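**Student:** starting from these lines, generate the structure:
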Amino acid sequence: MFIGINPYHTPVSKAVIDVPAGASVTAEWHHTLNQAAGDPADPIDASHKGPVISYLAKIPDATQSDVTGLQWFKIYEDGLTPSDQSWAVDRLIANKGKVSFTIPSCIESGQYLLRHEVIALHAASSYPGAQFYMECAQINVTGGSGSKSPATVSFPGAYKGTDPGVKINIYQTLQNYTIPGPSVFTC
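**Tutor:** Prediction:
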């Protein structure tokens, strides 16, 4: 299943995408809405090294625009591969902006917002250098067992400027990288 992730524009879409629990979905990033041919920064500028992360938040109506206090749980993360010093953003670029991950089968059925984000670390050696790029899709999860309830976090609040995955000098050989936020929820 493919979910297009585009920068905010009006009017906000009222489309809610049905997604079976346990299904693999693909989110797609692009530098501009029209994916301009020849754009050297498409899907994202290669200098924007960093992790790619996805979260879900349950919501009564995924199209409502007046929601605050959502509780998010992480369902996907990709960061640094120390053996070759490649980042999730490098893999995103190599895959023409596409990232695939699985919707947990054990969550409740219902409407969710899917938050898909990139944290660009090219200027993150001092605070506030990290750049956060996030987009949301409106989904309706069907067939979820509801057998597990994930621990959640809030935005803002899930990350701190001093987190080792937010404040970091990536211009050195790194032996590891700590992706910010909670652990990935698993069934």
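**Student:** where does pLDDT dip in this structure?
**Tutor:** For the chain, the stretches flagged by pLDDT under 70 are 1-12, 33-37.
**Student:** ok, now with 80
**Tutor:** Under the criterion pLDDT under 80, the flagged ranges of the chain are 1-13, 31-39, 65.
**Student:** which residue comes closest to the most centrally placed residue in it once chain neighbours are left out?
**Tutor:** With distances taken as C-alpha atoms, centre = their mean, the chain has residue 116 as the residue nearest its mean C-alpha position (2.4 Å). Among residues not flanking residue 116 along the chain, residue 27 sits closest, at 4.4 Å (C-beta to C-beta, 6 or more residues apart in numbering). From N, CA and C alone the C-beta is placed, and that goes for glycine too.
**Student:** count the neighbours of that neighbour for me.
**Tutor:** 22 (other C-beta atoms under 10 Å).
**Student:** which residues does residue 111 bridge with?
**Tutor:** residue 140 (DSSP bridges).
**Student:** could you do residue 80 as well?
**Tutor:** According to DSSP bridges, beta-bridge pairing links residue 80 with residue 87.
**Student:** re earlier: so the residue nearest to residue 116, which state does it fall into?
**Tutor:** strand (DSSP: H, G, I helix; E, B strand; the rest coil).
**Student:** how much space is there between it and residue 97?
**Tutor:** Noted for residue 27: a distance of 9 Å to residue 97, by C-beta to C-beta, to the nearest Å.
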